[in-house]
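>>> The sequence and its predicted three-dimensional model are supplied below.
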Amino acid sequence: MARSKIVNSIFWATVLIALLYSSYRYPLQINSAQTSPTYSDTPPFLQAAKYLLLAAACAVIAVAAGGLYIPRRKLGFIALYLALLVCPFIHLTFDGEPKHLAFAFVAAVAFFVSLSVRAVTMSSIDAFMKFTLYLSLLVNLIQIILFYSIGRLPALAYEDTLSVRFGSFLDDPNGFGALLFLLLGYAFCSPRTLVNRLCILGVILSIVFSQSLTAIAFLVFLILLWGLMNHFKATVLILMIACLPLLMPVLFGDFRPDGSELLDVVLTSKEASSDAHFASFKVANLADFSVWILGADGYSISESWWVTSLNNYGLIWTAALLAMFSAFMWRLYNALRETNSQRSKRVLFAALLFSIYFVVASANLPFPTVFPINFIFMLLLCLFMLKKVQEDEASR
C-alpha cells in the first residue's frame, strides 16, 4: 500500500511537471520572436529539457514501482499502441530527424507511467481538473489585466493591432484553446453554484480571447447543438436573425454592415495560415506503395496533423491511429452513459469533449505534437483504455 501511494505521488508529480513546464514562457518572455516583437526564441536547452524531465520521471517511477502492471485483457490494445510507437522511432533511426519525437516520445511516456501505476482514482483526476480550471482562469485573467493596464503583450501579439491572443500559463492560444474544452466539459457538469457559473463564463470568454478560430468555431457549434437540443424554436429564431446580415449585400446592393471591415481583417490575417494547412501535402508521395506502409522519407510539416501523419507515416499508420482514438472516445461515451456518480460524469464528459476537439481540430492544427496537450490526451487515453481508472469507494 505504501509503495502504491509513492508511485501515485510520482505519477501526479510527472503530470504536473508536464502541465506547468511551459509556464516559464510568459514571465521570461520566451517563445518565438516571429510571433511577438517582445519575445525571444526558446533556447534549445529549454526545448530539450522537457524530454529529459519526462525521461527522468520514467526512471524514478520505474524504480519506485518495481515493475509494470499490465492488464492481460488489454494485450490487444497494448500491441496496437506499441506498433504505432515503433513507426516514428524507425523513421527517427533512418532520418535522424528529432521532430519524430514530438508525438512518439510523449506518447511513450504517457504509456509507461500509466502501466507503472496499479490504479488512478476518479477523485484524483477530478482534483487535477479542478486545479487546472482555477489556475487557467486566474492566470489568463492576470494576463488580460496586465495587457489592458500596462500593455504587457503575451506570446502571440503585436502592438496596436487586433492580434493579441491570450494563452494563460501555456502562453499558447491554440494549445490553451484545446485545454479549455477539457475545462468547459468539467465546469459544465459540475454543481451549479455561483463560482461554477463564473467558471463557465470565464472558460467561454477565454476561448474568445484566445482568438483561435478553430476553438471559437467548435464552441459556436456546441452552443448551437445545445440550443437545438434544449431550446429548438428560440435557437432557430436567433440563427435566422444572425443570418440577416448575410442578406444585406443582396437586398441593398453595395451596403456593408458595420463590423464587416473587422471581419475582413480577421479573415485576411488567417489566410496565410489556412493556405499553409495543405501546402506540404504531396499527393504524388502516395503513388509509391511503400509510402502507404511506412510513409515518405524525411519529415514534412503541415499545420494539419492528419496531413503531417499521411505524409510522414502513411495511410495505414494514420488509419490505425484514428481507429485507436475513436475507440477511446467510444469507451468514454459508454462509460459516461453507465455511470451514476456525479464526479465520474464530469470527469468523463470533460475527457470526452476534450478528446473530440483534439481529434477533430487536428485536421486544422497539429495537436499531437503540441506539448503538453498531446501528453494530457495520450495519458487520458492510456488510463481509460488500460482500465486504470477506478471509482472511489464512496461514490460507488
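Arrived safely, thanks for sending. Numbers count the residues shown, from 1 in each chain.

>>> and the gap between Thr121 and Phe11?
Here the distance between Thr121 and Phe11 works out to 11 Å (Cβ to Cβ, to the nearest Å). C-betas here are computed from N, CA, C, even on glycine.

>>> cool, and Phe169?
Taken as Cβ to Cβ, the span from Phe169 to Phe11 is 21 Å.

>>> now do Pro37
40 Å.

>>> Looking only at neighbour counts, state which of these two leads.
Phe11 (23 against 10; other Cβ atoms under 10 Å).

>>> What lies in contact with the host helix or strand of Cys58?
Per DSSP states H and E: Cys58 is located in helix 44-65. Contacting residues not belonging to helix 44-65 are listed as 3, 6-7, 10-11, 13-14, 17-18, 21, 24, 30, 101, 105-106, 109, 112-113, 116-117, 371 [Cβ atoms under 8 Å, 6 or more residues apart in numbering].

>>> please redo it, this time with the cut-off set to 6 Å
6-7, 10, 14, 17, 21, 109, 112-113, 116 (Cβ atoms under 6 Å, 6 or more residues apart in numbering).

>>> So what's the predicted local confidence for Thr268?
Model confidence at Thr268, given as pLDDT, is 53.

>>> Adjust the sequence numbering to begin at 2 for everything that follows.
New numbering, starting at 2: the last item is Thr269.

>>> can you give me the strands in this protein?
Ranges of strands in the chain, per DSSP state E, are 31-32, 41-42, 121-122, 157-158, 165-166, 390-391.

>>> and those as TSV, adding distance to Gly228?
Putting the strands of the chain into TSV (distance: least, Cβ to Cβ, whole Å) gives the following:
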stretch	distance to Gly228
strand 31-32	37
strand 41-42	44
strand 121-122	35
strand 157-158	31
strand 165-166	27
strand 390-391	32
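
>>> Please identify the most buried of these.
strand 157-158 (a mean of 23; mean count of other Cβ atoms under 10 Å).

>>> Paired strands for that one, with orientation please.
strand 165-166 (antiparallel) (DSSP bridges).

>>> and Ser363, what does it touch?
Trp306.

>>> That one and Arg26: what is the separation?
22 Å.

>>> Poorly predicted segments of the protein, please.
2, 160-162, 231-295, 394-397 (pLDDT under 70).

>>> quick check: longest helix of it.
helix 306-339 (DSSP state H).

>>> same for that one, what does it pack against?
helix 76-96, helix 290-295, helix 343-362, helix 374-386 (3 or more Cβ pairs under 6 Å, 6 or more residues apart in numbering; DSSP states H and E).

>>> For Lys389, give me its contacts.
Lys389 touches 115, 120-121, counting by Cβ under 6 Å, 6+ apart.

>>> what about Ile217, neighbour count?
14.

>>> do the same with Thr133
Going by other Cβ under 10 Å, the residues that sit close to Thr133 add up to 22.

>>> related to what we said a few turns ago, quick one: which of the strands of the chain is nearest Leu214?
Smallest distance to Leu214 across those (Cβ to Cβ): 10.7 Å, for strand 165-166.

>>> who touches the closest one?
Contacts for strand 165-166 (Cβ under 6 Å, 6+ apart): 157-158, 174, 211-212.

>>> switch the cut-off to 8 Å
148, 154-155, 157-159, 174, 210-213.

>>> Now which of the residues you listed would you call buried?
Among the contacts of strand 165-166, those buried by neighbour count (16 or more other Cβ atoms under 10 Å) are 148, 154-155, 157-158, 174, 210-213.

>>> Can you flag which of the residues you listed belong to helices?
148, 174, 210-211.

>>> Generate CSV for these, with distance to Phe385 as supplementary columns.
Shown next, in CSV, are those (distance: Cβ to Cβ, whole Å):
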residue, distance to Phe385
Phe148, 38
Pro174, 28
Phe210, 31
Ser211, 27
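
>>> ok, so of these, who is nearest Leu83?
Using Cβ to Cβ, these come closest to Leu83 at Pro174, 33.9 Å.

>>> That closest one against Ala158, yeah?
No - if you go by Cβ atoms under 8 Å, Pro174 and Ala158 don't touch, sitting 9.4 Å apart.

>>> Adding distance to Phe329, write the helices and strands packed on helix 306-339 out as CSV.
Below are the helices and strands packed on helix 306-339 laid out as CSV (distance: least, Cβ to Cβ, whole Å):
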stretch, distance to Phe329
helix 76-96, 10
helix 290-295, 24
helix 343-362, 6
helix 374-386, 5
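
>>> among the ones you listed, which is nearest Trp227?
Going by Cβ to Cβ, the one of the helices and strands packed on helix 306-339 nearest Trp227 is helix 343-362, 11.7 Å.

>>> Contacts for the closest one, please.
Against helix 343-362 from outside (Cβ under 8 Å, 6+ apart): 123-124, 126-127, 130, 179-180, 182-187, 189-192, 215-216, 219, 323, 326-327, 329-330, 333-334, 336-337, 340, 368, 374, 377-378, 381-382, 385, 392-393, 396.

>>> List buried residues within these.
Judged by 16+ other Cβ under 10 Å, buried ones among the contacts of helix 343-362: 123-124, 126-127, 130, 179-180, 182-187, 189-191, 215-216, 219, 326, 329-330, 333, 336-337, 340, 368, 374, 377-378, 381-382, 385.

>>> Give me the distance between Tyr149 and Tyr135.
22 Å.

>>> Over to Pro367?
28 Å.

>>> and what of Ser301?
40 Å.

>>> Among the two, which residue is more densely surrounded?
Between Ser301 and Tyr135, counted using other Cβ under 10 Å, the more crowded position is Ser301 (18 against 14).

>>> Is it correct that the more buried one is in contact with Leu311?
No - assessed by Cβ under 8 Å, Ser301 is found out of contact with Leu311, at 9.3 Å.
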